[in-house]
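sequence and predicted structure below; questions after.
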Amino acid sequence: MDKQKKSRVAEKEVIRLERESVIPILKPKLIMTLANLIEHSSDRAEFLKLCKRVEYMIRAWYILQFEDLMQLYSLFDPVHGAQKLEQQRLPPEEIDTLEQNFLMYLFQVMEKSNFKIATEEEIDVALSGQYLLNLPITVDESKLDKKLLGRYFSEHHLDDLPDFSDKYVIFRRGIGIDRTSDYFFMEKVDMIIARVWLKLLRFMRLERFFCRKSPAREKKDPKKNDEISAEAEADELSVERIRIENMELSVRNLAGKITIQEPTFDRIIVVYRRAGTETKPDRGIYVKHFKNIPMADLEIVLPEKKNPGLTPMDWVKFLASAVLGLVAVVGSLDMPKADLWVIIAILSTLIGYCAKTYFTFQQNMAAYQNLITQSMYDKQLDSGKGTLLHLCDDVIQQEVKEVIISFFILMEQGKATRQDLDLQCEELIKDEFGEECNFDVDDAVQKLEKLGIVARGGQNRFVFNTLEVIIDLRTLLEGITVSD
């Protein structure tokens, strides 16, 4: 992901995202739409029957893995897991092995459900802006365990993990857009003050001392070049971020309603463990599931958040204003003819600024409490066992949809190379459903081979022969022994 250059009138932030493999179409809609594209009624009936049989087979493939996952989680459920561990009287070394096995199964299911671990770059870009949450939110790391995930990632190395990956992991899937329309009076005042402050610093040549970028922001990113190839752009999804900070100054914008826009993570799952003590370690593993989280407000899903307060910069501005105000008042009193109205004006400005800082903080605190409440009741889908059951069903739905789409293309085309199948599946999804995704053709091919629908060709590539050469459709249906 990266941001684009600003335009002449106002800054235009465009976040580039890699297209995901998740197929965002309901399975019943997918099956009925594809079935209606088949001309002959007999072929249509056999296609519908095959779709049912394929789902039964895929469920049978995963049932044992899902059972192992649920049984392992029962030992680490934060509510009842401690009692079960106590009843089984397992040694600590064996418990450590079991919890690592649970994480291994969990990460495999996440991958099959097309969830990805949010990388350092994605977190950095997501938190580089502000949306509805305007307070600095930090995690109380002393309340989080570092051994569980630290050990897992030491044994299963992954690239570009965020710094906090030993304490908690954020999985994300899907991209959406959230829009909010309001007057945002206090935010507009903050924006004006920030712009005046920045111009003052530039005039005094002090900008580099007060507006330093974080080290993570200073990393050179090859994506930040404007010269992006057409092929790279085709594989990416662009979403615009509209913020108050980049708003054009005009009477209409300042006095009227404006609409801000922020890309969202459609689904987020957070995995962590609370810190215990040496005498009483906490073995519970928390798995929380959220939906439609704005990228800039990602902090609301973080575990064990500290109570927010004024930022160090707020205190610097507050104290600097107070000192300058007092110096001005003392200087006015030392003059032979002190002007009472000047002193009143200086004190009024100082008191007004302090009041503005206080009320802005209170407003942001109210907004923060509202967002936290909303995340608990509206945006949190489930947690614990409920999240795992949802993930297991997600795996089956995605696997079935991949097989059905690729099978339909082969039924229509007869044979295709791996590249052709990938392209035609993506075009089918776009033309018939108006959705775009990066179809996982390799995973689909593996399942088609396992079902006996395809065979490998020569010349070091996948070649998909006509269905009549590989297997007759009726024979395939009769060969699947799982009953309806």
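All right, it came through fine. Numbering: from 1, shown residues only.

which element is residue 444 on?
helix 441-450 (DSSP states H and E).

which of the residues in that helix are buried?
Of all the residues in helix 441-450, those buried under the rule 16 or more other CB atoms under 10 Å are 441, 443-445, 447-448. No exception for glycine: its C-beta is placed from N, CA and C like everyone else's.

could I get the average pLDDT for it?
For helix 441-450, mean pLDDT rounds to 87.

other residues contacting that helix?
Contact with helix 441-450 is made by 21, 58, 399, 402-403, 405-407, 410, 418, 421-422, 425, 454-456, 462, as judged by CB atoms under 8 Å, 6 or more residues apart in numbering.

rewinding a little: for the buried residues of helix 441-450, work out which two are farthest apart.
Among those, the pair separated by the greatest distance (CB to CB) is 441 and 447, at 10.9 Å.

out of the contacts of helix 441-450, which are inside helices?
Residues of the contacts of helix 441-450 located in helices (DSSP state H): 58, 399, 402-403, 405-407, 410, 418, 421-422, 425.

quick one: the helices in the stretch 251-400 of the chain?
For the stretch 251-400 of the chain, the helices defined by DSSP state H, counting those that start in this stretch occupy 251-255, 312-334, 340-374, 385-413.

on that earlier part again, from the contacts of helix 441-450, which would you call buried?
Here, 16+ other CB under 10 Å leaves 21, 58, 399, 402-403, 405-407, 410, 418, 421-422, 425, 454, 462 buried among those.

closest to residue 115 among these?
residue 21 (10.4 Å).

isn't the closest one up against residue 436?
No - Residue 21 lies out of contact with residue 436 (CB atoms under 8 Å); the separation is 11.3 Å.

just for the stretch 301-450 of the chain, where's the confidence low?
By pLDDT under 70, the low-scoring segments of the stretch 301-450 of the chain are 309-322, 324-343, 345-347, 349-350, 353, 356-358, 361-369, 371-377.

my error: substitute the stretch 151-300 of the chain in the last question.
By pLDDT under 70, the low-scoring segments of the stretch 151-300 of the chain are 206-235.

show me where it has strands.
Using DSSP state E, counting those that start in this stretch, the strands assigned to the stretch 151-300 of the chain run over residues 168-182, 236-241, 258-272, 286-294.

who's in contact with the spatially closest residue to residue 287 that is not a sequence neighbour?
In this structure, residue 287 finds its nearest non-sequential neighbour in residue 387, 4.9 Å apart by CB to CB, 6 or more residues apart in numbering. If you count contacts by CB under 8 Å, 6+ apart, residue 387 has them with 269, 287-289, 381.

want to throw these into TSV with distance to residue 144?
Shown next, in TSV, are the contacts of residue 387 (distance: CB to CB, whole Å):
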residue	distance to residue 144
269	16
287	15
288	14
289	19
381	22
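
thinking again about what came up before, ok, of the buried residues of helix 441-450, which one's closest to residue 114?
Nearest to residue 114 among the buried residues of helix 441-450: residue 443, at 9.9 Å, using CB to CB.

residue 290 versus residue 76, what's the distance?
Between residue 76 and residue 290 the distance is 20 Å, computed by CB to CB, to the nearest Å.

and residue 180, by the same measure?
Distance from residue 180 to residue 290, by CB to CB: 18 Å.

who's more crowded, those two?
It is residue 290, of residue 180 and residue 290, that has more neighbours when counted by other CB atoms under 10 Å, with 25 against 14.

show me what the more buried one bridges to in the sheet.
Bridge pairing for residue 290 (DSSP bridges) gives the partners residue 268, residue 380.

wait, it touches residue 383, no?
No - applying CB under 8 Å, one finds residue 290 not in contact with residue 383, separated by 9.6 Å.

re earlier: how about JSON lines for the ones in helices among the contacts of helix 441-450, with distance to residue 151 added?
Below are the ones in helices among the contacts of helix 441-450 laid out as JSON lines (distance: CB to CB, whole Å):
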{"residue": "58", "distance to residue 151": "32"}
{"residue": "399", "distance to residue 151": "30"}
{"residue": "402", "distance to residue 151": "33"}
{"residue": "403", "distance to residue 151": "36"}
{"residue": "405", "distance to residue 151": "39"}
{"residue": "406", "distance to residue 151": "38"}
{"residue": "407", "distance to residue 151": "41"}
{"residue": "410", "distance to residue 151": "44"}
{"residue": "418", "distance to residue 151": "38"}
{"residue": "421", "distance to residue 151": "40"}
{"residue": "422", "distance to residue 151": "37"}
{"residue": "425", "distance to residue 151": "39"}
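
of those residues, closest to residue 100?
Nearest to residue 100 among those is residue 399, at 25.4 Å by CB to CB.

can you say which of the strands of the stretch 151-300 of the chain is nearest to residue 370?
Residue 370 lies closest to strand 168-182 among the strands of the stretch 151-300 of the chain, at 12.4 Å (CB to CB).

buried residues of the closest one, list them for me.
Residues of strand 168-182 classed as buried by neighbour count (16+ other CB under 10 Å): 168-175, 178.

same check, this time on stretch 83-91
residue 85.

that one: how far from the chain's middle?
Distance of stretch 83-91 from the chain centroid (CA atoms, centre = their mean, to the nearest Å) equals 36 Å.

what residues does it touch?
Stretch 83-91 has contacts (CB under 8 Å, 6+ apart) with 74-75, 77, 95, 98, 283.

okay, the residues you listed in a markdown table with neighbour count and distance to residue 161 next?
As requested, those are exported to a markdown table (neighbours: other CB atoms under 10 Å; distance: CB to CB, whole Å):
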| residue | neighbour count | distance to residue 161 |
| --- | --- | --- |
| 74 | 14 | 28 |
| 75 | 21 | 26 |
| 77 | 20 | 26 |
| 95 | 16 | 25 |
| 98 | 18 | 23 |
| 283 | 22 | 23 |
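
among those, name the ones in helices.
Among the contacts of stretch 83-91, DSSP H puts 74-75, 95, 98 in helices.

report the two of those residues separated the most.
Farthest apart among the ones in helices among the contacts of stretch 83-91 by CB to CB are 74 and 95. That separation is 13.2 Å.

shared neighbours, those two?
Common neighbours of residue 74 and residue 95, using CB under 8 Å, 6+ apart, do not exist here.

my read is that residue 266 contacts residue 176, right?
Yes - with contact defined as CB under 8 Å, residue 266 counts as touching residue 176 (4.9 Å).

between those two, which contacts overlap?
With CB under 8 Å, 6+ apart, residue 266 and residue 176 have common neighbours residue 292.

before we move on, back to that, buried among the contacts of residue 387? Make that a PyMOL selection.
Selection of buried members from those for PyMOL, criterion 16+ other CB under 10 Å:
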select buried, resi 269+287+288+289+381
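
report the two of the contacts of residue 387 separated the most.
Taking CB to CB as the measure, the contacts of residue 387 span a maximum distance of 11.3 Å, between 287 and 381.
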